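[1] no sequence on this one, just coordinates:
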């Protein structure tokens, strides 16, 4: 874990160079070992061929009946299968295990590095029927020196080539990351509203630049939307605050007991309007921030009846619910959506508001209709924008109700749409994800 943190803290260029250099070094060392092994095998093969020729000649003499002492020569001995000399010479400098290996046909390498010798044996059957071993030895000192020097040269070459490969990887990585450095510099100097230059080559750098430009576009759009929202909110908050202040100043400057009740009533109305506006703004801010409580099944039919019961006077309200229906939301969200939809419909209706709840598979449809003048086709999308009022002189809110409905419903994966009834009135339809009531 500590190494992983240390490795992750290294620069990307350093990590790539180190990884490429390490892989190159390990690979070249393995190849060097393979080359030294092949060279050793070739050297031993040549020595074995020469020694076998000598041994075969001695075997031929023994088989022909020559005495072992006559066959004996420098580097060539004749022994029995136990390793005891039969050629009149001294004992061999070999132990029992080595003699057994020779008798089994396995060549040996004996001695120190400076006195390496190759030993092999060939069996021979003398005329008297006894089995003899012709032991032949050869000097490997020159070959061992050659192999040692070759191995050292291989290792040195592997290290040098690995360094060259690492340097090439460093240069290649630097060249590959140079467009990223230029992009970083351009991003640091980028003025508001501008975008990064997109490279011509269709590679990862181009894809990164395009994604960053999309991110910048979303950021600019969010900033612009926030600025508009802040300006509209400040404008909407100024009106009730100014009205309360004006009425309070008039009441203080001209105290009149007969106008006290009227003044307090006006102040209370403006304060209620201000409270509603602040509540809607707070709910919208929470919806934008994604601060939502986990959804649970909410009985939409009961919620609709409760919302209708909270209004007094005005047009008649009809509730149509053929069967039970539950939506995945929270009771507070459902209440806010219903209060805004029903309140909006009652403000524009002439005599009737109809609320319909229809289960539709994985969805639940909530339709709110009124018999008013309806919403013009060109404004059926715009009505869900914040601070949008189609009739500014008609009063009835700050234009946040339908925007809040859209934010809450879409935050749960639903949809909101505006349309018209057959008689020309407004028709608002909400599609909520259905939820199964817990058993």
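    Structure's in. What do you need? The model shown is predicted, which means the values in this text are computed figures rather than measured ones.
[2] quick one: the helices in the protein?
    2-9, 12-64, 68-71, 96-103, 141-188, 204-253, 260-288, 300-309, 331-348, 401-411 (DSSP state H).
[3] For those, which has the smallest mean pLDDT value?
    When those are compared by mean pLDDT, helix 260-288 comes last with a mean of 69.
[4] which residues does the closest residue to residue 179 other than its chain neighbours contact?
    Computed as C-beta to C-beta, 6 or more residues apart in numbering, the closest residue to residue 179 that is not its neighbour in sequence is residue 205, at 4.7 Å. Bear in mind the C-beta positions are built from the backbone N, C-alpha and C, glycine included. By C-beta atoms under 8 Å, 6 or more residues apart in numbering, the contact set of residue 205 is 179, 180, 183, 199.
[5] Name the nearest of these relative to residue 384.
    The shortest distance between residue 384 and any of the contacts of residue 205, using C-beta to C-beta, involves residue 183 and amounts to 37.5 Å.
[6] Can you report how many residues neighbour the closest one?
    The tally of other residues near residue 183 (other C-beta atoms under 10 Å) stands at 20.
[7] Please report how far it lies from residue 171.
    Counting by C-beta to C-beta, to the nearest Å, the gap from residue 183 to residue 171 is 20 Å.
[8] Can you select the buried ones from the contacts of residue 205 in PyMOL?
    Here is the PyMOL selection string for the buried members of those, based on 16 or more other C-beta atoms under 10 Å:
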select buried, resi 179+183+199
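[9] Can you add distance to residue 310 and give the contacts of residue 205 back as CSV?
    Compiled in CSV, the contacts of residue 205 are given as follows (distance: C-beta to C-beta, whole Å):
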residue, distance to residue 310
179, 61
180, 59
183, 56
199, 60
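[10] out of the contacts of residue 205, what pair is the most spread apart?
    The most distant members of these, if one measures by C-beta to C-beta, are 180 and 199, lying 10.4 Å apart.
[11] right, and residue 329 touches residue 293 too?
    No: at 9.2 Å, residue 329 does not count as touching residue 293 under the criterion of C-beta atoms under 8 Å.
[12] what about these two, which has more around it?
    It is residue 329, of residue 329 and residue 293, that has more neighbours when counted by other C-beta under 10 Å, with 29 against 10.
[13] which residues touch that one?
    Residue 329 makes contact with 295, 296, 298, 408, 412, 432, 435, according to C-beta under 8 Å, 6+ apart.
[14] Filter these down to the buried ones.
    In the contacts of residue 329, burial by neighbour count holds for 295, 298, 408, 412, 432, 435, counting by 16+ other C-beta under 10 Å.
[15] Can you tell me which of these end up in strands?
    Helix and strand membership here follows DSSP state E; of the buried ones among the contacts of residue 329, those in strands are 298, 432.
[16] would you list the buried ones among the contacts of residue 329 in a markdown table and tack on distance to residue 115?
    Written out in a markdown table, the entries for the buried ones among the contacts of residue 329 read as follows (distance: C-beta to C-beta, whole Å):
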| residue | distance to residue 115 |
| --- | --- |
| 295 | 87 |
| 298 | 95 |
| 408 | 93 |
| 412 | 89 |
| 432 | 94 |
| 435 | 90 |
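[17] ok, which pair from the buried ones among the contacts of residue 329 is furthest apart?
    Pairwise distances among these were taken by C-beta to C-beta; the largest, 15.3 Å, belongs to 408 and 435.
[18] Just give the nearest non-adjacent residue to residue 146, would you?
    Leaving aside its chain neighbours, residue 146 sits nearest to residue 43 (7.2 Å; criterion: C-beta to C-beta, 6+ apart).
[19] Check the burial of the one you found by counting its neighbours.
    For residue 43, the neighbour count with other C-beta under 10 Å is 18.
[20] ok, back up a step: pick the one among the buried ones among the contacts of residue 329 closest to residue 212.
    Distances from the buried ones among the contacts of residue 329 to residue 212 were compared by C-beta to C-beta; the smallest belongs to residue 412, at 31.1 Å.
[21] How far off centre is stretch 340-353?
    Averaging C-alpha coordinates over stretch 340-353 and over its chain gives two centres that are 49 Å apart (C-alpha atoms, centre = their mean, to the nearest Å).
[22] That should have said stretch 98-117, apologies.
    The gap between where stretch 98-117 is centred and where its chain is centred comes out at 60 Å by C-alpha atoms, centre = their mean.
[23] please renumber so the chain begins at 117
    Fine by me, first position is 117 from now on; the one you just mentioned is stretch 214-233.
[24] Now it: buried residues?
    Neighbour-count burial for stretch 214-233, with 16+ other C-beta under 10 Å as criterion, is recorded at 214, 215, 217, 218, 219, 223, 224, 227, 232, 233.
[25] swap in stretch 304-312?
    residue 312.
[26] and the end-to-end length of stretch 230-249?
    Criterion C-alpha to C-alpha, to the nearest Å; first-to-last residue distance in stretch 230-249 is 27 Å.
[27] Touching stretch 141-160 from outside, list them.
    Counting by C-beta under 8 Å, 6+ apart, stretch 141-160 makes contact with 223, 234, 256, 259, 262-263, 266-267, 270-271, 273-275, 277-278, all of which sit outside it.
[28] Same question for stretch 463-474.
    Applying C-beta under 8 Å, 6+ apart, the external contacts of stretch 463-474 come out as 416-417, 420, 424, 430-438, 441, 457-458, 461-462, 480-489, 510, 512-513, 541-542.
[29] If we use 6 Å, what do you get?
    The set of residues that contact stretch 463-474 without belonging to it, under C-beta atoms under 6 Å, 6 or more residues apart in numbering, is 416-417, 420, 431-437, 441, 461-462, 481-488, 512.
[30] Separate out the buried members of those.
    Buried members of those, scored by 16+ other C-beta under 10 Å, are 416-417, 420, 431, 433, 437, 441, 461-462, 481-488.
[31] now, which of those residues lie within strands?
    Within the buried ones among the contacts of stretch 463-474, residues falling in strands by DSSP E are 433, 481, 482, 483, 484, 485, 486.
[32] follow-up on the earlier one: closest one to residue 123 out of the contacts of residue 321, please.
    Top of the list for closeness to residue 123, among those and by C-beta to C-beta, is residue 296 at 20.3 Å.
[33] Now the closest one: closest residue in space that isn't a chain neighbour?
    Distances taken as C-beta to C-beta, 6+ apart place residue 321 nearest to residue 296, at 6.4 Å, with adjacent residues excluded.
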